[in-house]
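> my questions concern the predicted model and sequence given below.
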Amino acid sequence: MHEDKLKRLYHMKKSAEEGGGQEKVEAQHSKGKLTARERIALLLDEGTFLELDKYVVHRSDDPATKKYYGDGVITGFGEVNGRQVFIYVYDFTVLGGSLGEMAGKKISKLMDHAMKSGAPLIGIIDSGGARIQEGVMSLDGYGDIFFRNTMASGVIPQITASIGPCAGGAVYSPAMTDFVIMVENIGQMFVTGPEVVKEVLSQEVSFEELGGARTHATKSGVAHFVAKNEYECMDKIKKILSYIPQNNSEPAPVIETTDEPNRIDSNLLNILPENPYEQYDIKQVIGSIVDNGDFFEIHELFAENIVVGFARLNGRSVGIIANQPMYLAGALDINSSNKAARFIRFCDAYNIPLVTLVDTPGYLPGADQEHNGIIRHGSKLLFAYCEATVPKITCIIGKAYGGAYIAMGSKNLRADINFAWPTAEIAVLGPEAAITIIHRRDLKQSADAASVKKKLARDFREKFANPYIAAEKGIIDMVIDPMETRPMIIAALNALTTKREPRPSKKHGNINL
Ligand code: HXC
């Protein structure tokens with residue numbers, strides 16, 4: 001081959017790999033951030049990355065906008081622990097990772113590849129949003145990405161990491177993906193930045209407060225995970241992938257477990273306090289049931305009154321949903337309903353069975369919840385359970401009152417197997433609330449209302465707040481010894497491996513968003 005031709009290629013390759021140049025790379029490092037290429041090297045198995053569109057440049061007619069090979073986003077495919085993935089990584093050193101027409105086309109092309117191959121899509125965002133100089137063509141680029149995010153939803157898993165600013169259009173695409181990880185003190189997501197907020201609303205707010213990792217992990221729920229640094233972020237991506245399938249028609253990976261499926265655990269007898277009003281940590285229960293106590297929690301800092309996450313039972317991935325009595329006594333509220341409903345829909349889309357552990361006193365009452373739409377949001381949980389056709393196992397371990405009893409994977413919502421511990425209390429209301437209503441007159445007339453109330457509550461609990469009335473009616477399939485929870489759930493899951501549950505054909509349901 002003519003030497004000059006090869007020289008040209010290598011010159012272009014070098015130039016593309018330099019991104020925005022030495023100075024910008026140093027600026028990136030000085031902010032404690034890795035470059036786009038360093039990020040790819042950190043995530044993918046060595047030597048597996050195949051880059052696409054390395055020599056694409058912008059075609060804006062603005063003479064002041066310098067052309068860089070790659071146009072501010074690196075796209076390609078590679079492997080993560082031997083699993084094929086498609087990846088795009090914004091390069092902040094090139095025009096602030098802003099997205100113009102050609103960068104948009106690169107990402108869209110990659111998404112099309114991921115869809116055709118049926119492999120997960122990973123996006124790493126570090127971007128100033130729509131490239132201002134390219135005007136409507138930047139918006140055009142985002143629009144195409146949003147469309148593809150939607151088409152891919154429920155077909156291939158989509159994971160996004162925010163490792164830098166994600167401004168304007170750069171936030172909506174992540175929000176449409178399945179999991180968002182933000183790196184602490186580096187990742188920031190906002191539709192409009194602090195300067196605009198100050199200008200328009202005269203409010204002073206810092207970048208971190210407005211859209212930092214903690215804000216989105218605790219308040220908005222946009223971030224499913226917070227990572228301490230970029231290394232931990234990549235580990236989280238790898239861990240998510242380990243529980244989920246390549247696409248919606250493949251099974252999730254099964255790993256050989258060292259944990260005996262028939263293992264019983266007497267500790268389960270001691271976790272629930274005798275007094276049903278005392279707190280305990282539901283994660284202790286989860287830990288004792290799942291393989292090797294390994295529970296990968298999602299949305300750990302958001303709506304802590306419900307716990308969701310992945311675990312394995314006899315080597316198979318399951319999605320766990322459990323009320324957390326440590327927060328709001330495990331009551332369901334707006335955020336917890338949203339959090340659990342979204343997780344259930346993910347698991348259902350990707351054939352991951354659902355295991356629900358119930359201990360909840362009901363939906364949270366109050367004007368704040370009502371005015372903010374507990375009816376609208378709370379019913380999403382019902383909708384999500386009803387829609388889900390994956391195997392669904394529910395175990396009521398404590399309180400299961402009223403609407404929350406129904407919502408937390410009851411038989412009516414088509415759970416397949418419903419277990420209960422002897423400690424389960426299934427009723428329309430908790431004993432105290434129930435007797436205040438049905439014995440209002442007696443209590444009013446009594447000289448010693450407090451002790452009468454206590455006795456009535458005890459009688460009520462004895463009579464109604466137990467699992468046996470439901471078991472008599474077949475609404476609970478089996479009341480089990482808590483020690484045997486793990487073998488019982490595994491046996492049920494084994495029996496349901498080949499479950500099929502056809503549903504009426506429709507364009508799509510209309511979940512009450
Ligand atoms: C073009 C941009 C850019 C943008 C940053 N740059 N954002 N260029 N379009 N949107 C350029 C800067 O001019 C600068 O170029 C380089 O990237 C680095 O930016 P700095 O500001 O120096 O970096 P930093 O101080 O770290 O601040 C990063 C930032 C800030 C917070 C992202 O740049 C910023 O606020 N950018 C604008 C964010 C924004 O409002 N985007 C548009 C949103 S509207 P030089 O050459 O000096 O190095 C939108 C609409 C889509 O996205 C809606 C779809 C639904």
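Great, that's in hand.

> quick check: F310 vs the ligand, distance?
Going from F310 to the ligand by Cβ to the nearest ligand atom, to the nearest Å gives 31 Å. Every residue, glycine included, has its C-beta placed from N, CA and C.

> if I read this right, R83 contacts L241, doesn't it?
Yes: R83 is within contact range of L241, at 5.8 Å (criterion: Cβ atoms under 8 Å).

> who has more neighbours, these two?
Neighbour tally, R83 and L241, criterion other Cβ atoms under 10 Å: the higher count belongs to L241, 20 against 17.

> secondary structure class of the more buried one, three-state.
Using DSSP: H, G, I helix; E, B strand; the rest coil, the structure places L241 in helix.

> around the ligand, which positions in this protein sit nearby?
By Cβ under 6 Å from any ligand atom, the residues of the chain that approach the ligand are 95-96, 98, 128-133, 139, 142, 165, 167-169, 172, 193.

> for the ligand, give me its nearest residue in the stretch 301-450 of the chain.
Across the stretch 301-450 of the chain, no residue is closer to the ligand than R342, which sits at 21.0 Å (Cβ to the nearest ligand atom).

> what's next to the helix or strand encompassing that residue, contact-wise?
Element membership for R342, per DSSP states H and E: helix 334-349. The contact list for helix 334-349 (Cβ atoms under 8 Å, 6 or more residues apart in numbering) reads 153-154, 178, 221, 248, 298-299, 302-303, 305-306, 308, 319, 321, 352-354, 369, 372-374, 377-381, 383-385, 387-390, 407, 511.

> from those, which land in strands?
Secondary structure from DSSP state E places I298, I306, V308, G319, I321, L354 of those in strands.

> pLDDT score assigned to A449?
With respect to pLDDT, A449 has a value of 79.

> the residue lying closest to it once chain neighbours are set aside in helix, strand or coil?
Nearest in space to A449, with sequence neighbours left out and distances taken as Cβ to Cβ, 6 or more residues apart in numbering, is L443 at 5.0 Å. With three-state DSSP as the basis, the three-state label of L443 is helix.

> what sits against L443?
Counted by Cβ under 8 Å, 6+ apart, L443 has contacts I435, T436, A449, V452, K453, L456.

> what sits against the fourth one?
Pointing back at V452 there. V452 touches H439, D442, L443, S446, counting by Cβ under 8 Å, 6+ apart.

> ok, and the most crowded of those?
Ranked by neighbour count (other Cβ under 10 Å), the contacts of V452 have H439 at the top, with 17 neighbours.

> does it touch L456 like I think?
Yes: the criterion here is Cβ under 8 Å, and H439 meets it with L456 at 5.5 Å.

> which other residues reach stretch 466-480?
395-396, 410-411, 417-422, 424-426, 488.

> which members of those residues are positioned in strands?
C395, I396, I417, N418, F419, A420, E425, I426.

> do a quick rundown of the strands in the stretch 151-300 of the chain.
For the stretch 151-300 of the chain, the strands defined by DSSP state E, counting those that start in this stretch cover 158-167, 179-183, 188-190, 225-227, 296-298.

> what bridges to N323?
I306 (DSSP bridges).

> now do the contacts for it.
N323 touches I282, N305, I306, V307, G330, L332, L357, V358, D359, T360, A404, M408, counting by Cβ under 8 Å, 6+ apart.

> pick out whichever of those residues sits closest to V183.
Nearest to V183 among the contacts of N323: V307, at 23.3 Å, using Cβ to Cβ.

> looking at it, the closest one is touching A322, isn't it?
Yes: using Cβ under 8 Å, V307 is in contact with A322, at 4.8 Å.

> which residues do those two both contact?
Contacts common to V307 and A322, judged by Cβ under 8 Å, 6+ apart, are I282, I286.

> now the residue in the stretch 201-350 of the chain positioned nearest to the ligand, nearest residue through space, not along the chain?
For the stretch 201-350 of the chain, the residue closest to the ligand is F207, as judged by Cβ to the nearest ligand atom, at 7.1 Å. Distance criterion Cβ to Cβ, 6+ apart; nearest residue to F207, sequence neighbours excluded, is Q188 at 5.2 Å.

> what does P487 give?
N262 (4.6 Å).

> how about P245?
Spatially, and ignoring its direct neighbours in sequence, P245 is nearest to A252 (4.6 Å; Cβ to Cβ, 6+ apart).

> the stretch 1-150 of the chain: helices as residue ranges?
Using DSSP state H, counting those that start in this stretch, the helices found in the stretch 1-150 of the chain span residues 3-17, 22-30, 36-43, 101-117, 136-152.

> what comes up buried for the first one?
For helix 3-17, the neighbour count (16 or more other Cβ atoms under 10 Å) marks A16 as buried.

> and the second one, by the same measure?
The neighbour-count check on helix 22-30 (16+ other Cβ under 10 Å) flags K24, V25, Q28 as buried.

> got any ranges where the stretch 251-400 of the chain has weak pLDDT?
Along the stretch 251-400 of the chain, no part satisfies pLDDT under 70.

> quickly list what E425 is bridged to.
For E425, the beta-bridge partners are K399 (DSSP bridges).

> that one against K399, yeah?
Yes: using Cβ under 8 Å, E425 is in contact with K399, at 5.0 Å.

> mind listing the shared neighbours of those two?
Common neighbours of E425 and K399, using Cβ under 8 Å, 6+ apart, are P276, A465.

> selecting buried members of the ones in strands among the contacts of helix 334-349 in ChimeraX, what would you type?
The ChimeraX selection below is limited to those of the ones in strands among the contacts of helix 334-349 classed as buried (16+ other Cβ under 10 Å):
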select :298,306,308,319,321,354
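
> contact partners for the nearest residue to D265 once chain neighbours are set aside?
Closest residue to D265 apart from its sequence neighbours, by Cβ to Cβ, 6+ apart: S288 at 4.6 Å. Neighbour list for S288: D265, N267, L268, I271, T485, R486 [criterion: Cβ under 8 Å, 6+ apart].

> before we move on, the earlier item: burial measure for the residue of the stretch 301-450 of the chain closest to the ligand, as a count.
Neighbour number of R342 under other Cβ under 10 Å is 19.

> next: L99.
Other residues near L99 come to 32 when the count uses other Cβ under 10 Å.

> that one and A130 touch, don't they?
Yes: L99 is within contact range of A130, at 6.0 Å (criterion: Cβ under 8 Å).

> next, show the common contact partners of these two.
Listed as contacting both L99 and A130 by Cβ under 8 Å, 6+ apart are S138, G141, Y142, G169.

> which of those residues sits closest to the ligand?
Checking the shared contacts of L99 and A130 against the ligand with Cβ to the nearest ligand atom, the nearest one is G169 at 2.9 Å.

> tell me who's in contact with the residue nearest to the closest one when sequence neighbours are not counted.
Distances taken as Cβ to Cβ, 6+ apart place Y142 nearest to G169, at 3.9 Å, with adjacent residues excluded. Y142 sits next to L99, G104, A130, G169, Y172, S173 when contact means Cβ under 8 Å, 6+ apart.

> got the confidence number for the nearest residue to the fifth one once chain neighbours are set aside?
To tie it back to what came earlier, the one meant is Y172. Among residues not flanking Y172 along the chain, F146 sits closest, at 6.2 Å (Cβ to Cβ, 6+ apart). Looking at F146, its pLDDT stands at 97.
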